[in-house]
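1. Structure for the following, please:
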Amino acid sequence: MSASDTDPLARIGEEIDAVQTLLALVESEQQALLQVVDTDELTQITAKKTEAVRWIGELARLRYESLKRLGYHPDEAGMRDWLSGISESSSRKPWDSLLSVAHKVKTLNQTNGQLIAKLLGQNQAMLSVFGMGTQKLGLYGADGRTQGIRSGYLR
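-> This is a model prediction of the structure:
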């Protein structure tokens, strides 16, 4: 068994880097949302965010396994309990740093969710003005003939 198997802080630097990467992606997402919405850019950011979250989850899983091997609960409470038994306060700094960056990510991500909801609402309102609402724009039927929109604007 290696030291990294029993040291919950063995890969904390990697976790901090991964969460900081996620923070940068969430900040980029927010900038894209505040500007003219570039769906291609948002799609790319979402894919990168998904990969970052997957990696963060893997690093957290490894940390939880280390805690479990040491007899602690494999969760944040177990991490706090483990850290409370360490006499060196310098060992707590990386964990506090991780929690700080994670909190920033959570706050920005919530704001981005609100921006997305607002943009979707605005788009829905604009579509409703044109009588399209949430209906599909079925301009051509399966037979290749044009079809009207159910709202009455096109028949």
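2. lowest-confidence helix or strand of the protein?
-> Sorted by mean pLDDT, DSSP states H and E, the helices and strands of the chain end with helix 3-6, the least confident at a mean of 70.
3. Could you look up the next helix or strand downstream of that helix?
-> helix 12-34 (DSSP states H and E).
4. Which helix or strand lies directly C-terminal to that following helix?
-> helix 39-69.
5. Show me which residues of the longest helix along the chain are buried.
-> Ranked by residue count and defined by DSSP state H, the top helix of the chain is helix 92-129. Neighbour counts using 16 or more other C-beta atoms under 10 Å place 95, 97, 98, 101, 102, 104, 105, 108, 109, 112, 115 of helix 92-129 among the buried residues. From N, CA and C alone the C-beta is placed, and that goes for glycine too.
6. repeat for stretch 33-48
-> 33, 42, 45, 48.
7. now the residue sitting nearest the centre point of the chain: how far from residue 22?
-> With distances taken as C-alpha atoms, centre = their mean, residue 49 lies nearest the centre of the chain, 5.7 Å away. From residue 49 across to residue 22, the span is 6 Å (C-beta to C-beta, to the nearest Å).
8. what's the answer for residue 65, then?
-> 22 Å.
9. can you pull the contacts of residue 97?
-> residue 16 (C-beta atoms under 8 Å, 6 or more residues apart in numbering).
10. start the count at 126, not 1, going forward
-> Right, with 126 as the first residue, what we last looked at is residue 222.
11. Could you check the pLDDT of it?
-> Listed pLDDT for residue 222 reads 95.
12. Can you give me the neighbour number for residue 188?
-> Neighbour count of residue 188, defined by other C-beta atoms under 10 Å: 25.
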